[in-house]
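Enquirer: This is a predicted model, with the sequence first.
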Amino acid sequence: MKTLKLIVSIVLIMAFGNAGNLFAADPWESGKYQKDNGLIKEDIAAVNYHKEQVRKLKTTLKKENAANNEEAVIMTKRDLAKEKADLRKSKAYLCADKKDLKRDYKLSMKNYRDIISKDEANLKNHKTKLDKAIINGNEEAIMSAANKVAYYSNRLKNDHALLTRERTIMDSNFAAINKEIDKSTVQPSIQRQPETAYANTNGRYR
(Lines give C-alpha, C1' and ligand atoms only; values in the text may rest on other atoms or scores of the structure.)
Protein backbone atom coordinates (compact mmCIF):
# COMPACT_ATOMS: atom_id res chain seq x y z
CA MET A 1 0.00 0.00 0.00
CA LYS A 2 2.85 2.37 0.82
CA THR A 3 4.35 1.63 -2.58
CA LEU A 4 1.05 2.45 -4.26
CA LYS A 5 0.72 5.71 -2.33
CA LEU A 6 4.23 6.63 -3.39
CA ILE A 7 3.33 5.90 -7.01
CA VAL A 8 0.23 8.05 -6.69
CA SER A 9 2.23 10.92 -5.21
CA ILE A 10 4.85 10.72 -7.97
CA VAL A 11 2.20 10.49 -10.70
CA LEU A 12 0.27 13.48 -9.30
CA ILE A 13 3.41 15.59 -9.04
CA MET A 14 4.36 14.76 -12.60
CA ALA A 15 0.82 15.25 -13.86
CA PHE A 16 0.44 18.64 -12.18
CA GLY A 17 3.76 19.69 -13.63
CA ASN A 18 2.74 18.66 -17.13
CA ALA A 19 -0.78 20.05 -16.85
CA GLY A 20 0.50 23.42 -15.74
CA ASN A 21 1.01 24.49 -19.35
CA LEU A 22 -2.29 23.17 -20.66
CA PHE A 23 -3.97 26.55 -20.10
CA ALA A 24 -1.01 28.83 -20.65
CA ALA A 25 -2.75 30.28 -23.70
CA ASP A 26 -4.95 33.14 -22.56
CA PRO A 27 -8.52 32.54 -23.80
CA TRP A 28 -9.39 36.18 -23.12
CA GLU A 29 -10.26 37.97 -26.33
CA SER A 30 -9.00 41.53 -26.25
CA GLY A 31 -11.79 42.65 -28.59
CA LYS A 32 -14.49 40.75 -26.74
CA TYR A 33 -16.45 43.85 -25.74
CA GLN A 34 -15.04 46.23 -28.33
CA LYS A 35 -18.38 46.82 -30.08
CA ASP A 36 -20.28 47.55 -26.86
CA ASN A 37 -17.58 49.87 -25.58
CA GLY A 38 -17.42 51.61 -28.95
CA LEU A 39 -21.15 52.32 -28.86
CA ILE A 40 -20.94 53.62 -25.32
CA LYS A 41 -18.11 55.99 -26.28
CA GLU A 42 -20.26 57.30 -29.09
CA ASP A 43 -23.19 57.73 -26.70
CA ILE A 44 -21.10 59.67 -24.18
CA ALA A 45 -19.70 61.94 -26.88
CA ALA A 46 -23.20 62.55 -28.20
CA VAL A 47 -24.57 63.37 -24.74
CA ASN A 48 -21.73 65.80 -24.14
CA TYR A 49 -22.20 67.36 -27.56
CA HIS A 50 -25.93 67.95 -27.09
CA LYS A 51 -25.32 69.29 -23.58
CA GLU A 52 -22.94 71.84 -25.05
CA GLN A 53 -25.41 72.76 -27.80
CA VAL A 54 -28.18 73.23 -25.24
CA ARG A 55 -25.90 75.46 -23.18
CA LYS A 56 -25.01 77.58 -26.21
CA LEU A 57 -28.64 77.92 -27.32
CA LYS A 58 -29.70 78.98 -23.83
CA THR A 59 -27.02 81.68 -23.89
CA THR A 60 -28.17 82.79 -27.34
CA LEU A 61 -31.82 82.81 -26.25
CA LYS A 62 -30.99 85.00 -23.27
CA LYS A 63 -29.29 87.53 -25.52
CA GLU A 64 -32.17 87.51 -28.02
CA ASN A 65 -34.72 88.03 -25.25
CA ALA A 66 -32.69 90.95 -23.97
CA ALA A 67 -32.67 92.42 -27.49
CA ASN A 68 -36.43 91.83 -27.90
CA ASN A 69 -35.75 89.93 -31.12
CA GLU A 70 -39.01 87.95 -31.19
CA GLU A 71 -38.39 86.21 -34.51
CA ALA A 72 -34.95 85.01 -33.45
CA VAL A 73 -36.34 83.91 -30.07
CA ILE A 74 -38.93 81.71 -31.78
CA MET A 75 -36.30 80.04 -33.98
CA THR A 76 -33.87 79.55 -31.11
CA LYS A 77 -36.58 78.06 -28.89
CA ARG A 78 -37.39 75.64 -31.68
CA ASP A 79 -33.73 74.64 -32.02
CA LEU A 80 -33.41 74.36 -28.26
CA ALA A 81 -36.39 72.00 -28.06
CA LYS A 82 -34.82 69.80 -30.73
CA GLU A 83 -31.46 69.73 -28.96
CA LYS A 84 -33.12 68.82 -25.66
CA ALA A 85 -34.97 66.00 -27.40
CA ASP A 86 -31.71 64.78 -28.95
CA LEU A 87 -30.05 64.94 -25.53
CA ARG A 88 -32.79 62.81 -23.96
CA LYS A 89 -32.48 60.35 -26.83
CA SER A 90 -28.70 60.14 -26.45
CA LYS A 91 -29.03 59.54 -22.72
CA ALA A 92 -31.53 56.75 -23.37
CA TYR A 93 -29.16 55.10 -25.86
CA LEU A 94 -26.32 55.39 -23.35
CA CYS A 95 -28.39 53.73 -20.65
CA ALA A 96 -29.45 50.92 -23.00
CA ASP A 97 -25.91 50.28 -24.27
CA LYS A 98 -24.56 50.16 -20.71
CA LYS A 99 -27.20 47.58 -19.84
CA ASP A 100 -26.23 45.53 -22.90
CA LEU A 101 -22.57 45.58 -21.87
CA LYS A 102 -23.42 44.57 -18.30
CA ARG A 103 -25.60 41.75 -19.65
CA ASP A 104 -22.72 40.48 -21.82
CA TYR A 105 -20.35 40.44 -18.85
CA LYS A 106 -22.91 38.61 -16.71
CA LEU A 107 -23.45 36.01 -19.43
CA SER A 108 -19.71 35.47 -19.75
CA MET A 109 -19.34 34.98 -16.00
CA LYS A 110 -22.28 32.57 -15.98
CA ASN A 111 -20.53 30.52 -18.66
CA TYR A 112 -17.38 30.39 -16.52
CA ARG A 113 -19.41 29.25 -13.51
CA ASP A 114 -21.06 26.53 -15.60
CA ILE A 115 -17.64 25.31 -16.73
CA ILE A 116 -16.42 25.33 -13.12
CA SER A 117 -19.40 23.21 -12.03
CA LYS A 118 -18.70 20.65 -14.75
CA ASP A 119 -15.00 20.51 -13.90
CA GLU A 120 -15.79 20.08 -10.21
CA ALA A 121 -18.04 17.14 -11.05
CA ASN A 122 -15.35 15.60 -13.25
CA LEU A 123 -12.71 16.10 -10.57
CA LYS A 124 -14.89 14.43 -7.95
CA ASN A 125 -15.56 11.53 -10.32
CA HIS A 126 -11.88 10.92 -11.07
CA LYS A 127 -10.92 11.24 -7.42
CA THR A 128 -13.39 8.45 -6.69
CA LYS A 129 -11.85 6.37 -9.48
CA LEU A 130 -8.38 7.02 -8.08
CA ASP A 131 -9.43 5.85 -4.62
CA LYS A 132 -10.89 2.65 -6.09
CA ALA A 133 -7.76 2.05 -8.18
CA ILE A 134 -5.59 2.41 -5.09
CA ILE A 135 -7.76 -0.04 -3.15
CA ASN A 136 -7.62 -2.52 -6.04
CA GLY A 137 -3.89 -2.03 -6.48
CA ASN A 138 -4.30 -1.36 -10.20
CA GLU A 139 -1.23 0.70 -11.13
CA GLU A 140 -2.40 1.42 -14.69
CA ALA A 141 -5.77 2.70 -13.43
CA ILE A 142 -3.97 4.70 -10.74
CA MET A 143 -1.80 6.49 -13.28
CA SER A 144 -4.78 7.20 -15.53
CA ALA A 145 -6.98 8.53 -12.71
CA ALA A 146 -4.12 10.52 -11.15
CA ASN A 147 -3.51 12.28 -14.45
CA LYS A 148 -7.21 13.12 -14.74
CA VAL A 149 -7.27 14.44 -11.16
CA ALA A 150 -4.30 16.69 -11.91
CA TYR A 151 -5.85 17.78 -15.22
CA TYR A 152 -9.18 18.87 -13.72
CA SER A 153 -7.48 20.42 -10.69
CA ASN A 154 -5.52 22.62 -13.07
CA ARG A 155 -8.63 23.37 -15.09
CA LEU A 156 -10.48 24.47 -11.96
CA LYS A 157 -7.63 26.71 -10.88
CA ASN A 158 -7.55 28.26 -14.34
CA ASP A 159 -11.33 28.65 -14.57
CA HIS A 160 -11.56 30.36 -11.19
CA ALA A 161 -8.77 32.72 -12.22
CA LEU A 162 -10.61 33.58 -15.47
CA LEU A 163 -13.87 34.19 -13.61
CA THR A 164 -12.11 36.50 -11.17
CA ARG A 165 -10.40 38.29 -14.03
CA GLU A 166 -13.66 38.75 -15.89
CA ARG A 167 -15.26 40.30 -12.81
CA THR A 168 -12.25 42.58 -12.27
CA ILE A 169 -12.27 43.70 -15.90
CA MET A 170 -16.00 44.41 -15.72
CA ASP A 171 -15.58 46.57 -12.61
CA SER A 172 -12.64 48.42 -14.18
CA ASN A 173 -14.52 48.93 -17.44
CA PHE A 174 -17.60 50.40 -15.79
CA ALA A 175 -15.48 52.57 -13.49
CA ALA A 176 -13.85 54.07 -16.59
CA ILE A 177 -17.23 54.53 -18.28
CA ASN A 178 -18.76 56.24 -15.25
CA LYS A 179 -15.72 58.50 -14.93
CA GLU A 180 -16.15 59.54 -18.55
CA ILE A 181 -19.88 60.15 -18.03
CA ASP A 182 -19.11 62.42 -15.08
CA LYS A 183 -17.35 64.85 -17.38
CA SER A 184 -19.77 67.72 -17.76
CA THR A 185 -18.92 68.91 -21.27
CA VAL A 186 -16.71 68.03 -24.23
CA GLN A 187 -13.45 69.87 -24.69
CA PRO A 188 -13.57 72.75 -27.23
CA SER A 189 -11.01 71.02 -29.42
CA ILE A 190 -13.30 68.02 -29.98
CA GLN A 191 -16.72 69.68 -30.05
CA ARG A 192 -17.07 69.06 -33.77
CA GLN A 193 -16.31 65.34 -33.62
CA PRO A 194 -19.87 64.16 -32.93
CA GLU A 195 -21.14 65.90 -36.06
CA THR A 196 -18.51 64.12 -38.15
CA ALA A 197 -19.20 60.82 -36.46
CA TYR A 198 -22.92 61.23 -37.03
CA ALA A 199 -22.37 61.79 -40.75
CA ASN A 200 -19.98 58.86 -41.02
CA THR A 201 -22.37 56.40 -39.38
CA ASN A 202 -25.50 57.27 -41.36
CA GLY A 203 -27.26 58.71 -38.38
CA ARG A 204 -26.50 55.85 -35.99
CA TYR A 205 -24.52 58.27 -33.86
CA ARG A 206 -26.65 59.98 -31.26
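Expert: Yep, it's here.

Enquirer: helices and strands around the longest helix seen in the chain, which ones?
Expert: In the chain, assigned by DSSP state H, the helix with the most residues is helix 70-136. When contacts are defined as 3 or more Cβ pairs under 8 Å, 6 or more residues apart in numbering; DSSP states H and E, helix 70-136 sits against helix 2-19, helix 34-66, helix 139-181. From N, CA and C alone the C-beta is placed, and that goes for glycine too.

Enquirer: who wins for proximity to Lys89 among those helices?
Expert: Comparison of the helices and strands packed on helix 70-136 against Lys89 by Cβ to Cβ identifies helix 34-66 as nearest, at 8.5 Å.

Enquirer: got the buried residues for stretch 164-172?
Expert: Neighbour-count burial for stretch 164-172 flags 166, 170 (criterion: 16 or more other Cβ atoms under 10 Å).

Enquirer: What lies in contact with that stretch?
Expert: 28, 102, 105, 108-109, 112 (Cβ atoms under 8 Å, 6 or more residues apart in numbering).

Enquirer: If you rank those residues by neighbours, which is first?
Expert: The most crowded member of the contacts of stretch 164-172, judged by other Cβ atoms under 10 Å, is Tyr105 (20 neighbours).

Enquirer: What's the separation between the closest residue to it other than its chain neighbours and Asp97?
Expert: Closest residue to Tyr105 apart from its sequence neighbours, by Cβ to Cβ, 6 or more residues apart in numbering: Met170 at 4.2 Å. Counting by Cβ to Cβ, to the nearest Å, the gap from Met170 to Asp97 is 15 Å.

Enquirer: Excluding chain neighbours, give the residue nearest to Thr60 in space.
Expert: Thr76 (5.5 Å).

Enquirer: Same question for Ala133.
Expert: Ala141 (3.7 Å).

Enquirer: And for that neighbour, the neighbour number?
Expert: 15.

Enquirer: same question, Lys58
Expert: By other Cβ under 10 Å, 13 other residues sit near Lys58.

Enquirer: repeat for Ala121
Expert: By the criterion of other Cβ under 10 Å, Ala121 has 11 neighbours.

Enquirer: Against Asp36, how distant is the residue of the chain most remote from its centre?
Expert: Relative to the C-alpha centroid of the chain, counting by Cα atoms, centre = their mean, Asn68 is the outermost residue, at 52.7 Å. From Asn68 across to Asp36, the span is 50 Å (Cβ to Cβ).

Enquirer: got it, and Lys110?
Expert: Distance, Lys110 to Asp36, using Cβ to Cβ: 17 Å.

Enquirer: So for those two, which sits in the more crowded spot?
Expert: Asp36 (18 against 11).

Enquirer: Need the pLDDT of the more buried one.
Expert: At Asp36, the pLDDT value in this model is 91.

Enquirer: go on, the one 5 residues further on?
Expert: For Lys41, the model assigns a pLDDT of 93.

Enquirer: remind me which residues of the protein are low pLDDT?
Expert: Low-confidence segments of the chain (pLDDT under 70): 1-30, 184-206.

Enquirer: please redo it, this time with the cut-off set to 50
Expert: Counting by pLDDT under 50, the chain shows low-confidence ranges at 19-30, 184-203, 205-206.
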